[in-house]
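>>> I need the structure of the sequence given here:
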Amino acid sequence: MNSETEKNVEKSKENENTVVEQKGNESNPEKNDSTGANNLRVLENIDVRLTVEVGNTEIKIRDLLRLNEGSVVELDRLAGEPLDILANGTMIAKGEVVMVGERFGIRLTEVVDPEERVQNL
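Next up, the predicted model:
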């Protein structure tokens with residue numbers, strides 16, 4: 001074999017070893033758990049937008065154009081029903097409005113499982 005072919009064969013063997021090592025790590029739950037924990041630590045400092053949804057409705061464009069100051073729009077949610085709490089558009093909890101000093105706040109009454117929350121974000 002020429003030296004170029006020998007180099008390619010060596011690289012191919014190295015790649016095979018790397019693939020075998022990576023596959024070996026997949027079957028090691030301890031490695032996967034620590035990798036998952038490390039990934040979660042990286043995600044913990046990312047900002048997400050938290051939104052509280054009071055309700056929604058669909059209206060025709062002609063009705064939308066007629067809205068003015070003082071107009072009332074009926075929503076699909078009953079008074080006293082828990083509000084949806086969304087993180088980047090994904091529901092993570094339900095809650096009720098509270099006052100925090102001079103501002104509105106939300107008290108969580110139901111929370112989606114933490115693992116499911118992260119997967120859905």
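
>>> going by C-alpha atoms from here, please, whenever you check contacts or count neighbours.
OK.

>>> now do the helices in this structure.
3-26, 29-43, 61-66, 114-120 (DSSP state H).

>>> by mean pLDDT, show me the worst of the ones you listed.
In terms of average pLDDT, helix 3-26 trails the rest of the helices of the chain, at a mean of 47.

>>> number of residues surrounding the closest residue to residue 54 other than its chain neighbours?
Spatial nearest neighbour of residue 54, chain neighbours left out: residue 83 (5.5 Å); criterion: C-alpha to C-alpha, 6 or more residues apart in numbering. Residue 83 has 22 neighbouring residues, counting by other C-alpha atoms under 10 Å.

>>> wait, residue 83 sits on residue 51?
No: using C-alpha atoms under 8 Å, residue 83 is not in contact with residue 51, being 10.1 Å away.

>>> in the strand ranked longest in the chain, what's buried?
Identified as the longest strand of the chain according to DSSP state E is strand 90-100. For strand 90-100, burial by neighbour count (16 or more other C-alpha atoms under 10 Å) applies to 91, 92, 93, 94, 95, 96.

>>> the third one reaches residue 84, doesn't it?
Yes: between residue 93 and residue 84 there is a contact at 6.3 Å, judged by C-alpha under 8 Å.
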